[in-house]
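Participant: here's my sequence, what's the structure:
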Amino acid sequence: MIISLNYDAIISKLKGGGLSLFEIEEKIKNKMEQLSGLISREGAAHIIANELGIKVFEDIGEIKIKDAKNGMRNVNLNGKMTINFGIREFKNDKRSGRVGSFVVGDETGTLRVVLWDDSHLSLMKDLHDDYVIRVENGSIKENNGYKEVHLNNNSKLILNPEGVEIKSVMSNGTNGIGRLKSKDIKNLEQNERANIRGTLVQIFEPRFYEICSECGKRIRIEDGGFKCEQHGRVDPKYAFVVNCVLDDGTESIRVACFRESACKLIGASEEEILMIRENPNKFEAVKDSVLGLQIKADGRVNKNAMFDRLEFVANHVEELNPEEVLQEME
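Facilitator: Predicted coordinates:
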């Protein structure tokens, strides 16, 4: 386990709990021997603090994802959802239950959000790619070196909080989540997450849909107006999805790019794409500029039941640089 706190700082906390330096060092030595030398002295000191109920970190408050450190409590953070792992059931010697998880990111990194409480798990059905998520009173843990924020029944999970905007997300794999396996398109399987690379051979006009101006959720037409399940009658905002086709030489696949991924795919801002809704002819110039580009995309594979085919929902897209293209050809 990676411990991100200075050893001397942990010792100082332990001294504050009434232990002498000799007692502390003996406990750390015994703990390291007990664990067969598999942890550092910093790790052993951290475990001792937890066993004695000594807070290594005070209540932290608001942080960026890159600043999350193992052992932090009462953490507040914001992130944009990039990967949804869903809910699974578990059973062990001590208990059974359900656990849900998903990945969020900001401009500084990514981490996994882990949910145990039924009130939080019930919100997962409403999660969609690019939703902004706010966590309040979470606890930071590390699992195989990866950062996670765990929520308990005193924590809050807020979807699309008002006034919170995540303009960019650090690419998957750079902080907290391992890189996705790169696969040929012909070998993709339903429901898996993967990285694909290919030539952009076809791109379609953006499809626009109405969302709530308050929470960003999809809204429906009712009685001549638009209604949000949470906020009632609202004035709509518009979100968008751009579909394209990637071909890697083994096969081709339709790729759906929502919001930020769509912006990166065609090299346009959200405002510029929204202008296409009023003037569709503007898309022709965009289309000509991106066809033939070499693209890589991280995301998940879905089954389109209507057309009986696999499709790819991108969480992150970017153009391959020339060096990467040459490596692919070698």
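Participant: just give the nearest non-adjacent residue to residue 215, would you?
Facilitator: residue 160 (4.5 Å; CB to CB, 6 or more residues apart in numbering). Heads up, the C-betas are built off the backbone N, CA and C, glycines and all.
Participant: I'd guess residue 285 is in a helix, am I close?
Facilitator: Yes: counting by DSSP: H, G, I helix; E, B strand; the rest coil, residue 285 is located in a helix.
Participant: low-confidence ranges in the stretch 51-200 of the chain?
Facilitator: 56-60, 92-94, 143-145, 171-180 (pLDDT under 70).
Participant: give me that answer again for 50
Facilitator: Within the stretch 51-200 of the chain, the ranges that satisfy pLDDT under 50 run 172-178.
Participant: just checking, residue 48 is part of a strand?
Facilitator: No: using three-state DSSP, the assignment for residue 48 is helix, not a strand.
Participant: return the set of buried residues in stretch 277-297.
Facilitator: 283, 286, 290, 293-297 (16 or more other CB atoms under 10 Å).
Participant: those in helices, which ones?
Facilitator: Within the buried residues of stretch 277-297, residues falling in helices by DSSP state H are 283, 286, 290.
Participant: contact partners of stretch 287-300?
Facilitator: Stretch 287-300 is contacted from outside by 83, 171-172, 180, 191-203, 246, 255, 257, 261, 265-267, 312-320, 324-325, using CB atoms under 8 Å, 6 or more residues apart in numbering.
Participant: distance from the chain centre to it, please.
Facilitator: Distance of stretch 287-300 from the chain centroid (CA atoms, centre = their mean, to the nearest Å) equals 22 Å.
Participant: end-to-end on it?
Facilitator: Terminal residues of stretch 287-300 are spaced 24 Å apart (CA to CA, to the nearest Å).
Participant: from the contact counts, what lies against the lengthiest helix in the chain?
Facilitator: For the chain, the helix reaching the highest residue count under DSSP H is reported as helix 21-34. Counting contacts by 3 or more CB pairs under 8 Å, 6 or more residues apart in numbering; DSSP states H and E, helix 21-34 packs against helix 7-16, helix 41-51.
Participant: what's the most buried one of these?
Facilitator: helix 41-51 (a mean of 20; mean count of other CB atoms under 10 Å).
Participant: now that helix - C-alpha only, CSV.
Facilitator: Provided in CSV are the C-alpha atoms of helix 41-51 (Å, rounded to 0.1, in the frame of the first residue of the first chain):
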residue,chain,number,x,y,z
ARG,A,41,7.8,1.9,8.1
GLU,A,42,5.5,4.7,6.9
GLY,A,43,2.8,2.1,6.1
ALA,A,44,3.3,0.4,9.5
ALA,A,45,3.0,3.8,11.3
HIS,A,46,-0.2,4.6,9.5
ILE,A,47,-1.7,1.2,10.4
ILE,A,48,-0.8,1.7,14.1
ALA,A,49,-2.5,5.1,14.0
ASN,A,50,-5.6,3.6,12.6
GLU,A,51,-5.6,0.8,15.2
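Participant: mind starting the numbering at 736 from now?
Facilitator: All set: I'll call the first residue 736, so the last point we hit is now helix 776-786.
Participant: which strands and helices sit next to that helix?
Facilitator: Where contact means 3+ CB pairs under 8 Å, 6+ apart, helix 776-786 is packed against helix 742-751, helix 756-769.
Participant: could the ones in helices among the buried residues of stretch 1012-1032 go into JSON lines alongside pLDDT and distance to residue 803?
Facilitator: Listed next are these as JSON lines, based on pLDDT from 0 to 100; distance: CB to CB, whole Å:
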{"residue": "1018", "pLDDT": "91", "distance to residue 803": "40"}
{"residue": "1021", "pLDDT": "87", "distance to residue 803": "38"}
{"residue": "1025", "pLDDT": "90", "distance to residue 803": "36"}
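Participant: is it possible to get a markdown table of the residues you listed that adds distance to residue 844?
Facilitator: Output for those, formatted as a markdown table (distance: CB to CB, whole Å):
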| residue | distance to residue 844 |
| --- | --- |
| 1018 | 34 |
| 1021 | 31 |
| 1025 | 29 |
